[in-house]
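**Q** need a structure here:
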Amino acid sequence: MADVFRALADETRRALLDVLLRRDEQTLFELCTRLAMDHGLTPSRQAVSQHLDVLESAGLVHTERRGRYKLHTIDTSPLAQITERWPPTSRKATP
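**A** Down below sits the predicted model:
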């Protein structure tokens, strides 16, 4: 679970997940473009690639090579570990 928290700690990685959530299976070039257009972030392609490596290590992103393209896909299932560890509770109002 530490990998998931480390991956989510960075603003750029959270933005990458947002971009992939809107449309899955994007190339590195597409992700860089979306980060700039949607989030005003302009990291280098190498930096984005390193962020994707961290997300992939945490199981939040999967990468698949198709021909000469590498497509990146989001996987939110590791986030379930968080709600399993700290399930939502109903809060009672205090008088």
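**Q** The chain: helices as residue ranges?
**A** 2-8, 11-22, 28-39, 45-57, 80-85 (DSSP state H).
**Q** Please work out the average pLDDT along the shortest one.
**A** When you say that, I think you mean helix 80-85. Mean pLDDT, helix 80-85: 84.
**Q** that older thread, hey, least reliable of the helices of the chain by pLDDT?
**A** helix 80-85 (a mean of 84).
**Q** what separates that helix from the chain centre, distance-wise?
**A** Remark: helix 80-85 is offset 17 Å from the chain centroid, using CA atoms, centre = their mean, to the nearest Å.
**Q** Over to stretch 41-61?
**A** That offset, for stretch 41-61, works out to 8 Å (CA atoms, centre = their mean).
**Q** Buried residues in that stretch, which are they?
**A** 41, 43, 48, 49, 51, 52, 54, 55, 58, 59, 60, 61 (16 or more other CB atoms under 10 Å). Backbone N, C-alpha and C define where each C-beta goes, glycine included.
**Q** Excluding chain neighbours, give the residue nearest to the residue sitting nearest the centre point of the chain in space.
**A** Geometric centre of the chain, nearest residue: residue 17, 3.0 Å, by CA atoms, centre = their mean. Once flanking residues are discounted, residue 17 sits nearest to residue 74: 6.0 Å by CB to CB, 6 or more residues apart in numbering.
**Q** gap between the one you found and residue 89?
**A** To residue 89, residue 74 is 28 Å away according to CB to CB, to the nearest Å.
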